[in-house]
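Engineer: sequence first, predicted model second:
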Amino acid sequence: MEMEPGSAITLCAAAHRRLIATVDVVDDDLVRRPSRLPGWTVGHVLTHLARNAEGHIRRLEGALEGRETPRYAGGDLQRDGEIEAGAQRPAAELTREVRESAARLEEVWARSEKAGWPHAELLATDRFPTTGSPLRRLREVEVHHVDLGLGYEPSAWPDEYVEWELGTSLERLPRRLAGGDDARRFLAWLTGRAEWPADLRLAPWL
């Protein structure tokens, strides 16, 4: 269900442009506003988007040199700490970081493509080869652009992204069900044998 990296780069570059158009109107009042993610402000989401791009850059630059370099050396603790610390900064700094990190990532993708994606097998704690970087970044940009709560909605998601994400999310769905009766009730709805179980709760999307 993977997408050819060149196609994903094209889609993600367009997603970056849409994100930057939204980000360009953000001011200091907006960055303190709650986002659609519980406990996160708009500033948290913007910081996460910039840190995510930088993580991809670290891993890809390492692969270009034959080094296994994780996106976050300190794992989730490092990532979460950087997001929390960065979210409190002024809007101008946050938005500049989003723009600049996206541009740097696109430049590293271009170098990786030109080099033939060397050492793609170095997973560096991820579950996808380096050729999967553009598609995973596309997911982050499309989903978190919506999470900003600044006017970008799922109805604007590109068809190519939806086709990939829907298949991927459905494949992972069984892991989000509690099992037993929940799995049976969901399957009954899916096969048209029951109404949607209104009290069904899925584990968080990862």
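Structural biologist: Sure thing, it's come through. Residues are numbered from 1 along each chain as shown.
Engineer: only C-alpha atoms from now on, for both contacts and neighbour counts.
Structural biologist: Will do.
Engineer: give the contact list for the residue most central in space within the chain.
Structural biologist: Centroid check for the chain by Cα atoms, centre = their mean gives Glu140 as the closest residue, at 1.5 Å. Contacts for Glu140 (Cα atoms under 8 Å, 6 or more residues apart in numbering) come out as Leu49.
Engineer: packing partners for the longest helix along the chain?
Structural biologist: If you go by DSSP state H, the chain has its longest helix at helix 91-115. With contacts defined as 3 or more Cα pairs under 8 Å, 6 or more residues apart in numbering; DSSP states H and E, helix 91-115 has these neighbours: helix 5-23, helix 28-31, helix 42-64.
Engineer: now those in TSV, with distance to Pro158?
Structural biologist: Output for the helices and strands packed on helix 91-115, formatted as TSV (distance: least, Cα to Cα, whole Å):
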stretch	distance to Pro158
helix 5-23	8
helix 28-31	26
helix 42-64	19
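Engineer: hey, which of these is tucked in deepest?
Structural biologist: helix 42-64 (a mean of 23; mean count of other Cα atoms under 10 Å).
Engineer: tell me the mean pLDDT for that helix?
Structural biologist: Average pLDDT, helix 42-64: 97.
Engineer: same question, stretch 7-19
Structural biologist: Computed over stretch 7-19, the average pLDDT equals 98.
Engineer: what about that stretch, distance to the chain center?
Structural biologist: Put simply, stretch 7-19 sits 12 Å off its chain's centre (Cα atoms, centre = their mean, to the nearest Å).
Engineer: cool, stretch 129-139 as well?
Structural biologist: A distance of 9 Å separates the centroid of the chain from that of stretch 129-139, by Cα atoms, centre = their mean.
Engineer: CA atoms only: put that stretch into PDB for me.
Structural biologist: Output in PDB follows, covering the C-alpha atoms of stretch 129-139 (Å, rounded to 0.1, in the frame of the first residue of the first chain):
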ATOM      1  CA  PRO A 129      12.300   2.700   5.100                       C
ATOM      2  CA  THR A 130      13.600   6.100   4.200                       C
ATOM      3  CA  THR A 131      11.600   6.000   0.900                       C
ATOM      4  CA  GLY A 132       8.500   6.100   3.100                       C
ATOM      5  CA  SER A 133       9.500   9.500   4.600                       C
ATOM      6  CA  PRO A 134       7.500  11.700   2.200                       C
ATOM      7  CA  LEU A 135       4.300   9.700   2.700                       C
ATOM      8  CA  ARG A 136       4.600   9.800   6.500                       C
ATOM      9  CA  ARG A 137       5.300  13.500   6.400                       C
ATOM     10  CA  LEU A 138       2.200  14.000   4.200                       C
ATOM     11  CA  ARG A 139       0.100  12.300   6.900                       C
END
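Engineer: mind listing what's buried along it?
Structural biologist: Within stretch 129-139, the residues that count as buried by 16 or more other Cα atoms under 10 Å are Thr130, Thr131, Gly132, Ser133, Pro134, Leu135, Arg137, Leu138, Arg139.
Engineer: next: stretch 63-76.
Structural biologist: Those would be Ala63, Leu64, Glu68, Thr69, Pro70, Arg71, Tyr72, for stretch 63-76 by 16+ other Cα under 10 Å.
Engineer: just stretch 138-152 next, same as before
Structural biologist: Within stretch 138-152, the residues scored as buried using 16+ other Cα under 10 Å are 138-142, 144-150, 152.
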